[in-house]
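Asks: Sequence first, then the predicted structure:
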Amino acid sequence: MLATPKEHQVKAVFLNGFSKFITWPEKLFTTPEQAFHICVFGENPFQKALDLAVAHEKWNGRSVQIDYIQQQQQIPHCQILYISASESIRLEAILATASLHPVLTVSDLDNFVKQGGMIQFYLRKNRIRFFIEPTSMREVGLRANANLLRVADIVEHGKPSNED
Amino acid sequence: MKIKSYKALYFIIALMMSIPALALEEETPQQTIDYLKTLNFEQLLDVEVFLDDVFDVFDGLVHRRKVTVASGIEQSTARAPGVTTVITAQDIEATGSHELDDILATVPGLHVSWDNFYNPIYTFRSIYSLTNPEVLMLVNGIPLRDLTAGNRGMAWGGWPVNNIARIEIIRGPGSAVYGADAFSGVINIITKQASDIKGTETGMRVGSHDDFNVWALHGGHWGDFNIAVAVEIQDSNGADNIIDADRQSLLDRATGTRASQAPGVVQRGRQRLDAQLDASLAHWRLRAGFQARDHLGVGAGAARALDPDGYLSEERYHLNLTYHNPTLTEHWDVQMQVSLLDRQFASHHINLFPAGVRLPFPQRPQGVVYDEGVWQSHRLDQRYSRFNLEALFKGWSGHLLRWGAGYAYEDLYHTTYTTNRGLSGDLKPIPPEAGAVVLDDTPAVIVPENARQNIHAFVQDTWALDDGWELTLGVRYDDYSDFGHTVNPRAALVWQVNPKLTSKLLYGQAFRAPAYRELYARNNLFQGNNDLQPETIETWELAFDWSTNQRLHLMANTFYFDVKDKILFVPQAADNLLHAMNQGSQQGYGFELEARWKMSARSSVLFNYAYARSQQENADSYQDIGNYPRQTAYLRTDYLLHTHWYLNTQMHWVADRQRPPRDTRLKLADYTRVDLTLRYKDIHADTWNVAFGVRNVFDSDQREPMNTDIPDDLPLPARHLFAELRYRF
């Protein structure tokens, strides 16, 4: 058994793993060479973990690329957008931009799903858990696999439906 | 001798840097990630993790830290609109720090020295003064101040560290957020809550000089309440350095007496008790605390003549109730706070001059010999009542608006004064034959009872101008019932150049409120002045924060400040007394560099260097104000030597300390101090935690400046040892 991993390492593996449980609209990818983009907006909390997690990964035959971004105009080309805690002041604007595109938004920020985000990590007993808001996902044309919904804490319209 | 000590220094630095090469590498991040990727989501959800923000000492040093003190809003130190430092409980533990002052000395641009009472002087960026009212000390955001001198009080007695969760420090002005005295710097001590303790910890520490310390912390639940309780007791004789000659030695030479207690020991003994309760329920938090300081030795003497017998004491009671609702409505985060602080200070027969002193007296050409010495006992009881309201508004896209208002009633409600020399109640000299005279409620009391009120309001907007740019504008208005009102603005332009580099340009104004002794003292030495205006400072700063990679974090800043209306006691020929006046000015500049480097999975290094200069204008020429170090450097290394064994080394270098104008002594000798701490800690079992430490390993001679009547300055502790034992259950 390996030593206890770091919080950011597990989150990086989750972030990459989400791509396997979500369906993006077919028409999103126009060329076969187009990569699948995971974006980190703001300060990078993952260190190298995210790069390590996606190395040699394929998504439906496409390569997976990590982009560390600062500009809102870069959002549309992201399939998964992780919004760093450093961006809390800009959150509304970022979510407004993201909501116009099929972008899965993920963050650690408190009340993230209440404010329109889709997946929010939180901690319980030194373990990583996450809230998921399927409604806002559906609104941009994303579909979550039932296996993902089964392990997540589902929030509907900002209210937890199975909070324990 | 000097060459030898340099050799020793090179040796220790070489040793500090070479151990990591010996340290074994643990599994790589790649291996960890590869393993995690073999797990399915259900298994991943069950993986226990090391939390990123509860760092182990190696990662935590380098990672970005959160700070609230700069703007009242939690931000990363890189983005905060101020030059800030965050010290965490891990830093305190890793360095084996025993006292607040031990850990504050690690902050770049903050030099800790001591006054004649052996109270700390926090010199931020060359802003030195003996009474040090330029620094605002906060405990959980609430000022801890002494009305008489505007500082932390004469019976400060240090501050224990075991109940500290973190310390946030602003190096620079903070009046636009915190009001009075956030002038050269702000120190905010944040105590532990239930979630910081999680269980029960007991500890004991013994050290040289009969130092004995015992503490217990508990964090848990009681019904629906989260409860944290902390109790800590210390009894110490203090380091026993010798002062060879004191003020009385000079007097003895001039008057033919032999009264001086020098050579004699600096009195650093103390007994103290610190207790705090922190209870929270939903949006409410109640904190109640008690601190006692007793048998505090008077250091080098109240009047810089050694006094082995007199002592100081103080009791502090505080109570505060906070309601904080971060989501009162969708856009409003609201906080209300009521706080009370009561401080009861007493001096117990402190000798200003020892038995047998001969002092001048009107109409007695031979002067008067005081067979019992010149002594005093006095009390200063004060109470602070505060009400504050503040709110964050998030509903305006791209803006974060913070505003608030508050009221404070600050009351020096009881003072007493008994002495055998000085002015009597009719403001005529006390005749030597009179013995002790009680001066309570007379005009000659040491500081008269008085109260003042403060009303304040502030507003601050953080505006995300464009991706990567943030502009913070803030202003605070303070109205004081005694000296009037003042307005202090600030501006910060923060530019996130790229994800790794942040730069910021800062401007701030700040003020220091005149203290009661400067306003109201009327005695045979000092004359207060009711017309004083606040002392003001303007500061410009340019700062950079660069996380080059995951292992190296670099910070740099440069600053310039301009102090006006400095409050000084100026000698007046008319009555031969010192009168408080807004007379001085002071300009300063400098820079600070800081590097945090995680050398390997088992070792890290922190280094900082600070340079500062301060000068005052004097008859068209500029003179260095002296007494502060122009250069300081600090090097800290941490190693995981072997499973569960940690070694911390610290090196402080203090250099280039000029004498103040008119002090003709040679400039103070530079010094280097090395401290070692070896700790056994099993972070998985988290039960036993044992440490051994050596302070001032090379037993170097270190001195901090004293007035010329202690010609050889104040000696700091020689080499000393401690052992510490903690148990968690």
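Replies: Structure received. Numbering: from 1, shown residues only, chains lettered A, B, ... in the order given.
Asks: Which residues are in contact with residue 142?
Replies: Here I'm looking at chain A. A:22-24, A:102, A:104, A:118 (C-beta atoms under 8 Å, 6 or more residues apart in numbering or on different chains). Every residue, glycine included, has its C-beta placed from N, CA and C.
Asks: That was the other one, I meant chain B.
Replies: Here B:Ile142 is in contact with B:318, B:320, B:337, B:339, B:341, B:386 (criterion: C-beta under 8 Å, 6+ apart).
Asks: Can you list the buried residues in whatever helix or strand the third one lives in?
Replies: Put plainly, it is B:Gln337. Using DSSP states H and E, B:Gln337 sits within strand B:332-353. Across strand B:332-353, burial judged by 16 or more other C-beta atoms under 10 Å in any protein chain shown covers B:333-337, B:339-348, B:350-353.
Asks: spatially speaking, which residue is in the middle of chain A?
Replies: By C-alpha atoms, centre = their mean, the mean C-alpha position of chain A lies nearest to A:Val106, the distance being 3.5 Å.
Asks: what is the residue nearest to B:Phe387 when sequence neighbours are not counted paired to in the beta sheet?
Replies: Excluding the flanking residues, the one nearest B:Phe387 by C-beta to C-beta, 6 or more residues apart in numbering or on different chains is B:Tyr407, at 5.0 Å. For B:Tyr407, the beta-bridge partners under DSSP bridges are B:Phe387, B:Ile455.
Asks: contacting residues for B:Tyr407?
Replies: B:386-388, B:453-456 are the contacts of B:Tyr407 under C-beta under 8 Å, 6+ apart.
Asks: Look up how far chain A lies from it.
Replies: 30 Å (C-beta to the nearest C-beta, to the nearest Å).
Asks: what do you get for B:Thr472?
Replies: Distance of B:Thr472 to chain A, computed by C-beta to the nearest C-beta: 10 Å.
Asks: ok, now B:Trp375?
Replies: According to C-beta to the nearest C-beta, B:Trp375 and chain A sit 58 Å apart.
Asks: And B:Ser600, by the same measure?
Replies: From B:Ser600 to chain A the distance is 15 Å (C-beta to the nearest C-beta).
Asks: where does the residue lying closest to B:Phe559 once chain neighbours are set aside land in three-state SS?
Replies: Excluding the flanking residues, the one nearest B:Phe559 by C-beta to C-beta, 6+ apart is B:Glu541, at 4.6 Å. Using DSSP: H, G, I helix; E, B strand; the rest coil, the structure places B:Glu541 in strand.
Asks: B:Glu541 is in contact with B:Tyr589, isn't it?
Replies: No - in this structure, B:Glu541 is not within contact of B:Tyr589 by C-beta atoms under 8 Å, at 10.6 Å.
Asks: B:Ser249 belongs to a strand?
Replies: No - B:Ser249 is assigned helix when assessed by three-state DSSP, not a strand.
Asks: need the contact list for the spatially closest residue to it that is not a sequence neighbour.
Replies: Once flanking residues are discounted, B:Ser249 sits nearest to B:Ser260: 4.5 Å by C-beta to C-beta, 6+ apart. By C-beta under 8 Å, 6+ apart, the residues touching B:Ser260 are B:245-246, B:248-249, B:251-252, B:305-306, B:354.
Asks: Serialize these to TSV and add fields for distance to B:His652.
Replies: Shown next, in TSV, are those (distance: C-beta to C-beta, whole Å):
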residue	distance to B:His652
B:Ala245	27
B:Asp246	27
B:Gln248	32
B:Ser249	30
B:Leu251	35
B:Asp252	36
B:Ala305	30
B:Leu306	27
B:Pro354	34
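Asks: So which of the residues you listed is the closest to B:Glu518?
Replies: B:Ala305 (24.4 Å; C-beta to C-beta).
Asks: what's near enough to touch B:Ile189?
Replies: Applying C-beta under 8 Å, 6+ apart to B:Ile189 gives the contacts B:100, B:137-140, B:159, B:164, B:167.
Asks: sec struct for it, please.
Replies: Applying three-state DSSP: B:Ile189 is strand.
Asks: Name the nearest residue to it, sequence neighbours excluded.
Replies: B:Val139 (5.0 Å).
Asks: Pairing partners for that neighbour in the sheet, please.
Replies: B:Val139 has these beta-bridge partners by DSSP bridges: B:Ile142, B:Ile189.
Asks: Can you check the pLDDT for it?
Replies: For B:Val139, the pLDDT comes out at 97.
Asks: longest strand of chain A?
Replies: For chain A, the strand that runs over the most residues, judged by DSSP state E, is strand A:62-69.
Asks: Tell me how far the spatially closest residue to B:Thr84 that is not a sequence neighbour lies from B:Ile103.
Replies: With sequence-adjacent residues excluded and distances taken as C-beta to C-beta, 6+ apart, B:Thr84 is closest to B:Val67, at 4.6 Å. Using C-beta to C-beta, to the nearest Å, we find B:Val67 at a distance of 16 Å from B:Ile103.
Asks: higher neighbour count, those two?
Replies: Set B:Val67 next to B:Ile103 and count neighbours by other C-beta atoms under 10 Å in any protein chain shown: B:Val67 wins out with 24 against 21.
Asks: what ranges do the strands span in the stretch 201-350 of chain B?
Replies: Secondary structure of the stretch 201-350 of chain B (DSSP state E, counting those that start in this stretch): strands at B:211-222, B:225-236, B:242-243, B:264-265, B:270-281, B:284-296, B:311-325, B:332-353.
Asks: I misspoke; the intended subject was chain A.
Replies: Going by DSSP E, chain A shows strands at A:22-23, A:36-41, A:58-59, A:62-69, A:80-83, A:104-107, A:119-124, A:127-132, A:143-144, A:153-156, A:159-160.
Asks: Just tell me which of the ones you listed ends up closest to chain B.
Replies: With C-beta to the nearest C-beta as the measure, strand A:62-69 is the member of the strands of chain A nearest chain B (5.2 Å).
Asks: can you list contacts of that closest one?
Replies: A:16, A:19, A:29, A:32, A:34-41, A:44, A:50-51, A:54, A:57-58, A:74-75, A:77-78, B:499.
Asks: Let's see the pLDDT reported for residue 8.
Replies: Unless you meant another one, I'm taking chain A. We note a pLDDT of 90 for A:His8 in this prediction.
Asks: you looked at the wrong chain, it should be chain B
Replies: 61.
Asks: Equivalent analysis for B:Lys4, please.
Replies: Looking at B:Lys4, its pLDDT reads 54.
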